[in-house]
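Asks: Sharing a model prediction with you, sequence too.
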Amino acid sequence: MIAKPLKKPLAAASVLATGALTALGLPVAAEASYPGSTGVLTAGYGSNINFQGGGSLKPTHPKYSGVESVAWSPDGSRALWASHEGAILTVRFNDASNVWYVEDAKSSVERRHVTWRGTGSVAWAERSSGGPHRIMTDSSSDGWLAEQVSVNDGADYSNPDGAIDGRLVYQRSAPGASGSDVMLYDYYLGDTPEQRQRLLVTDAAQPAWSPDGTKVAFARSGNIWVLTVGDPTSSDDDSFLQITNTTGDGNPTWSADGNTVAFTRGGGNNVFTVPAAGGTAADSGIVGYPAYRPVNANRMVRLSGSSRFGTAVAVSRSLWTDGGAQSVVLSRSDNFADALGGSALAAAKEGPLLMTPPTSLNPEIRAEIVRVLGAGSGKTVYILGGTGAISARVEAEIRAMGYDVNRRQGANRYETSVRIAEAINPDPHLVLVATGRNFPDALAAGAAAGSYNVPGSDMSAVVLLTADGALPTETRGYLNTVLANPDVRTDVYAIGGQAASALQSNSYQFMDLVGSTRYATAYFVAEVFFGGHRVAGVATGTNWPDALAGGAMMATLNGPLLLTPGTSLALPTEYHVDNNSGTIDTGYVFGGAAVVSDGVMNSVGTWISPGIAFTRLVNPVAAPAPALRSARVEPAAPAVTLPTADQIKAAAEALDNHQR
């Protein structure tokens, strides 16, 4: 994954001016459709997103005007749109003023043809100063590291459309050619843009994936056709069906159930629909360039027990199948000091983080170790801290149960954090530094760091501790060692004001993620290190045990750990789940209603949902963890550009001003 910086959320202050859809000289395409149990046909036109059956959504913004193209998130909670000026933004389905940036406009850069891609990426067509269009992609929220996926061959690439699995189809016009072809882009077809792209259909334009990703509708000679796609490496088993028989039909898009194709007719903006199998076309009654809005129910999951031990077990059982973990990380249950780096270690070692009293192995925890590792399997239990934290007696009992023990200990909490970091990677790419004298900043950092450490990741991250504004000798020694390694670039982040003061006073170069509250700091961590994620976790910011176990789970699932007061949703946390609601399909709440109220849980569920009831679950049994993990459509390159101080400063100003 890639570190993601914040971008300033948008203040809603003015009404958009109307503008021609073709103001930039590029035809607008219909956009991606995603599976859904229901859905509504919409169309972007002028300044509005129009809805079949009546009503419209007019995104309001003080700087940008118009709706050049529109596409809906997989759950239907947010619409992605391109402005006439080339900004790419999202707007909430029921609030025209709830607008967030994806990409800011750039001078002399045209952007059109937005589409969702997979569950957490977006794509669009872009050109600079009249040159050929190219296909770009980025995270669906707070994007800043846009990547080109189309080939640099002088051709014009436009009209991208994304499938649920991340593949793209788009239109290619060769230099000097009067027509166009439709191309398929699949990251897994090869190592270069040329290898990942193949010709799909000749003499075709404006392609659109079906919701299940098996068919592509396209325009040819004024009619709509449907291609059934077979083997992606060959066209031998592809089949074609013409579904309209007139002139001037274009811009096809699919209904959420895959049964209907909407399109524009007569070379204008009137939207018609036709059965996907072919049949009689009908006027939809709306104008613009069509995009179906799927509506899919999201879910909220509460993981809790009657005690901190029960909650830790519930978290473990929800993620790890019987015998499915490769290790267990075990911390003491009465003090957070040695455990603050444990979330990052648990993700790296593929197991849950559990806790026990210092001098005896809790019976619930003992049973969960046996369940999750398998009886006498010889797998490893990592103990955090010395024998004063978890006694030699407990260690002996675990060994007698048939497990190896690896104790990560130091003379104090700071050295223990170094020993934990060394067990993850002695040469990490990222070091997140937080105070060790309180828990909130380090717990948010642990989930973020751990998300880099899962198997298959090309980066690693660790958490180190400060003594509030002082930098302990142990932490300084580790930093000096890793920063002196010429073979690995290591970037340092201060999580919270105390860590920033400690690093600053010792003249380290670092990025600071410092909020005015613990909730704001957790928000910055979430926005910087996550983007396009499917899951988000919420725990109380006033106590640590539930957040400790939950942070390890979120690290494994590649989602942030957000904090909130127990009875009201913290505003920074609300901002994050709102901005990312287009991709978050599951919210986790750690702890019972006494620590995070049902009202807070309902608020999170409402923000991530598209206006229909979300599903509520309590302590579900695990599906295999890798199947649940939020994944990038494509692996990140090992060398990445990290956030700048100016970008992080802009995020802080946005939050402090309570702008959306």
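Replies: Sure thing, it's come through.
Asks: For Ala43, list each beta-bridge partner.
Replies: Beta-bridge partners for Ala43, by DSSP bridges, are Asn50, Pro290.
Asks: what's the distance between it and Thr214?
Replies: Distance of Ala43 to Thr214, given as C-beta to C-beta, to the nearest Å: 25 Å. C-beta here means a position set from N, CA and C on the backbone, and glycine is covered the same way.
Asks: swap in Phe530?
Replies: Distance from Phe530 to Thr214, by C-beta to C-beta: 31 Å.
Asks: how about the helices in the stretch 551-660 of the chain?
Replies: In the stretch 551-660 of the chain, helices defined by DSSP state H, counting those that start in this stretch lie at 571-579, 598-608, 625-628, 645-656, listed in chain order.
Asks: mean pLDDT lowest for which of those?
Replies: Mean pLDDT is lowest for helix 625-628 among the helices of the stretch 551-660 of the chain, at a mean of 46.
Asks: what's the weakest-modelled helix or strand in the chain?
Replies: helix 625-628 (a mean of 46; mean pLDDT, DSSP states H and E).
Asks: Quick check: closest non-adjacent residue to Gly497.
Replies: Spatial nearest neighbour of Gly497, excluding adjacent residues (C-beta to C-beta, 6 or more residues apart in numbering): Val514 at 4.8 Å.
Asks: Paired strands for the host helix or strand of Ile286, with orientation please.
Replies: Ile286 belongs to strand 282-287 when assigned by DSSP states H and E. Its sheet considered, strand 282-287 pairs with strand 270-275 (antiparallel) by DSSP bridges.
Asks: Show me which positions of the partner strand end up buried.
Replies: Asn270, Val271, Phe272, Thr273, Val274 (16 or more other C-beta atoms under 10 Å).
Asks: Dump that strand to PDB, keeping only the CA atoms.
Replies: Coordinates of the C-alpha atoms in strand 270-275 are reproduced here as PDB (Å, rounded to 0.1, in the frame of the first residue of the first chain):
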ATOM      1  CA  ASN A 270     -31.900  12.000 -24.400                       C
ATOM      2  CA  VAL A 271     -31.400   8.800 -22.300                       C
ATOM      3  CA  PHE A 272     -33.100   5.600 -23.400                       C
ATOM      4  CA  THR A 273     -33.000   2.100 -22.000                       C
ATOM      5  CA  VAL A 274     -33.100  -1.300 -23.600                       C
ATOM      6  CA  PRO A 275     -33.000  -4.900 -22.300                       C
END
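Asks: chain center to that strand: distance?
Replies: Relative to its chain's centre, strand 270-275 lies at 33 Å (C-alpha atoms, centre = their mean, to the nearest Å).
Asks: Contacts for that strand, please.
Replies: The contact list for strand 270-275 (C-beta atoms under 8 Å, 6 or more residues apart in numbering) reads 41, 43, 52, 224, 243-244, 249, 255, 259-265, 280-288, 290.
Asks: From Ser327, how far off is the residue of the chain most remote from its centre?
Replies: Distance from the C-alpha centroid of the chain peaks at Arg393, with 42.8 Å (C-alpha atoms, centre = their mean). From Arg393 across to Ser327, the span is 21 Å (C-beta to C-beta).
Asks: beta partners of His537?
Replies: If you look again at residue 537, you'll see it is Gly, not His. Leu561, Tyr588.
Asks: Am I right that it is in contact with Thr556?
Replies: No - with contacts counted by C-beta atoms under 8 Å, Gly537 stays clear of Thr556, the gap being 10.9 Å.
Asks: ok, which stretches of the stretch 101-250 of the chain are strands?
Replies: With strands called from DSSP state E, counting those that start in this stretch, the stretch 101-250 of the chain shows them at 109-117, 121-128, 134-139, 147-148, 156-162, 168-173, 181-185, 197-201, 205-209, 215-220, 223-228, 239-242, 250-254.
Asks: pull the CA atoms of the third one into CSV?
Replies: To tie it back to what came earlier, the one meant is strand 134-139. Provided in CSV are the C-alpha atoms of strand 134-139 (Å, rounded to 0.1, in the frame of the first residue of the first chain):
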residue,chain,number,x,y,z
ARG,A,134,-4.3,9.3,-21.3
ILE,A,135,-5.9,7.1,-18.7
MET,A,136,-5.1,7.9,-15.1
THR,A,137,-5.9,6.2,-11.8
ASP,A,138,-5.7,7.0,-8.1
SER,A,139,-7.3,6.2,-4.7
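Asks: after the helix or strand containing Leu354 comes which helix or strand?
Replies: Applying DSSP H and E as the criterion places Leu354 in strand 353-356. Once the chain leaves strand 353-356, the next helix or strand it forms, by DSSP H and E, is helix 363-373.
Asks: Next one: Ser129, what pLDDT does it get?
Replies: We have a pLDDT of 86 for Ser129.
Asks: Equivalent analysis for Thr119, please.
Replies: At Thr119, pLDDT is 82.
Asks: Repeat that for Ser210.
Replies: 96.
Asks: surely it meets Ala217?
Replies: Yes - using C-beta under 8 Å, Ser210 is in contact with Ala217, at 7.2 Å.
Asks: re the thing from before, for the strand holding Ile286, the distance to its chain's centre please.
Replies: Centre to centre, stretch against its chain (C-alpha atoms, centre = their mean), the figure for strand 282-287 is 35 Å.
Asks: Save the buried residues of strand 270-275 as JSON lines, and put in pLDDT and distance to Phe590 too.
Replies: Formatted as JSON lines, the buried residues of strand 270-275 follow (pLDDT from 0 to 100; distance: C-beta to C-beta, whole Å):
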{"residue": "Asn270", "pLDDT": "95", "distance to Phe590": "51"}
{"residue": "Val271", "pLDDT": "97", "distance to Phe590": "45"}
{"residue": "Phe272", "pLDDT": "98", "distance to Phe590": "49"}
{"residue": "Thr273", "pLDDT": "98", "distance to Phe590": "45"}
{"residue": "Val274", "pLDDT": "98", "distance to Phe590": "48"}
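Asks: all helices of the stretch 301-450 of the chain, in order?
Replies: With DSSP H, counting those that start in this stretch as the criterion, the stretch 301-450 of the chain has helices spanning 308-319, 342-349, 363-373, 392-400, 413-424, 440-450.
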